[in-house]
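**Student:** no FASTA, just this:
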């Protein structure tokens, strides 16, 4: 596992819920690949999770991955909450169903194939990869809304 990929992810939503988009920027050995997608009726948190899932799915082998996200929800979920959710049968400490558990389960599956280093970046702060991921997420929404 020696390939190192740097990924920037972002989600966007117009209304919450409302039309949403996600964007991913993958950087590997000086090459850049971008991905984006759309959901008609979603939430910002679902788009943030989807962006990370799709970024990891784009990798065709196990890698060392640096995932950069501006979502504290994603960061706390993957680093603090998910172990307890799994242990509690996908229930919160209050014994309620975990919101977006379908996507958390998919993310957990994708993460298991890689060595992931999670980085939080402040959104809209000029970090090039994050700005591009945000642009892609919004372009995905604009492309669907205008059709």
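**Tutor:** Received it, and whenever you're ready, just let me know what you need. Just so it is clear, the structure is predicted and the values come from calculations on it, not from any experiment.
**Student:** Show me the longest helix that occurs in this protein.
**Tutor:** helix 128-145 (DSSP state H).
**Student:** buried set for that one?
**Tutor:** Under the neighbour-count criterion of 16 or more other Cβ atoms under 10 Å, helix 128-145 has 129-141 buried. In this view, the C-beta of every residue, glycine as well, is placed from N, C-alpha and C.
**Student:** Pull the distance from it to the chain's centre.
**Tutor:** 13 Å (Cα atoms, centre = their mean, to the nearest Å).
**Student:** ok, now stretch 71-89?
**Tutor:** On Cα atoms, centre = their mean, the centre of stretch 71-89 falls 14 Å from the chain's centre.
**Student:** Okay, strands next: where are they in the chain?
**Tutor:** 4-13, 18-28, 31-42, 64-69, 115-120 (DSSP state E).
**Student:** Of all these, which one comes closest to residue 102?
**Tutor:** strand 31-42 (12.2 Å; Cβ to Cβ).
**Student:** Not counting its own residues, what contacts the closest one?
**Tutor:** Around strand 31-42, the neighbours that count as contacts under Cβ atoms under 8 Å, 6 or more residues apart in numbering are 13, 17-26, 46-47, 50, 54-55, 58, 132, 136-137, 139-141, 143-144.
**Student:** From the chain's centre, how far out is that strand? Work that out for me.
**Tutor:** For strand 31-42, the distance to the chain centre is 10 Å (Cα atoms, centre = their mean).
**Student:** and that strand with helix 128-145, angle?
**Tutor:** Computed with axes from the mean of the first three to the mean of the last three Cα atoms, to 10 degrees, the direction of strand 31-42 lies at 50 degrees from that of helix 128-145.
**Student:** Return the residues in contact with the residue nearest to the spatial centre of the chain.
**Tutor:** Among the residues of the chain, the one closest to the centroid is residue 52, at 2.5 Å (Cα atoms, centre = their mean). Residues near residue 52 by Cβ under 8 Å, 6+ apart: 7, 9, 67, 69, 74, 107, 110.
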